[in-house]
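In: just a sequence and a predicted model for now, questions to come.
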Amino acid sequence: MRILVQKFGGSSVADLECMKKVRAKVLAAHQQGYKVVVVLSARYGQTNSLLERAYQWSDEPDPAELDVLLTTGEQESVALFTMLLRDAGMKARSFLGFQIPIITDGSHGNARIDSISADKLRSAFETYDILVIAGFQGMTADMRLTTLGRGGSDTSAVAVAAALGDG
């Protein structure tokens with residue numbers, strides 16, 4: 001099985017038209033015979049908007065709860081993008097960090113990836129052609145959501161590619 005990992009940042013998924021352009025790139029890779037893993041960031045400006053909201057509600061947001069809030073940006077992106085893929089007739093499924101799982105240390109706001117279990121992703125390719133993964137996030141061993149810090153979706157994509165390449 002040939003697997004290609006593609007990562008798209010916030011500007012690439014900023015709105016519907018941008019996401020349609022990304023979809024065309026993903027479909028082209030699939031048509032070349034790849035099983036595709038797409039790692040997405042939150043839509044452009046979404047993370048900053050969530051941060052602003054957090055500081056409107058709290059003078060000092062708890063770092064763990066801030067991670068819970070910030071991961072919703074990527075959750076939105078992967079859900080919307082997977083819907084676009086399915087509307088195009090593709091067998092696609094979204095994954096959040098905890099569903100894989102991507103295990104991190106407990107450094108909320110700047111967590112480091114300890115491990116990724118690629119088994120669930122490999123087995124998902126028995127049913128799906130395209131897997132859409134929320135970047136920037138993982139969970140601790142005791143199941144607390146974490147974020148990887150700014151640029152964390154890039155880190156997610158590289159780590160997922162490495163994990164899938166191990167098997």
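Out: Thanks, I have it.
In: for the record, mean pLDDT for stretch 53-73?
Out: Predicted confidence along stretch 53-73 averages 98 (mean pLDDT).
In: who's in contact with it?
Out: Stretch 53-73 is contacted from outside by 41-43, 46-47, 50-51, 96-97, 108-109, 111, 134, 136-137, 144-147, using CB atoms under 8 Å, 6 or more residues apart in numbering. From N, CA and C alone the C-beta is placed, and that goes for glycine too.
In: ok, and the closest non-adjacent residue to the residue nearest the centre of the chain?
Out: Among the residues of the chain, the smallest C-alpha distance to the mean C-alpha position (CA atoms, centre = their mean) belongs to residue 134, namely 1.4 Å. Here the nearest residue to residue 134 in space, its sequence neighbours aside, is residue 74; by CB to CB, 6 or more residues apart in numbering that works out to 3.7 Å.
In: which residue ranges form the helices in this structure?
Out: Remark: helices assigned in the chain by DSSP state H are 16-31, 46-57, 63-87, 119-124, 152-165.
In: so which of those helices comes closest to residue 10?
Out: Checking the helices of the chain against residue 10 by CB to CB gives helix 46-57 as the closest, at 7.0 Å.
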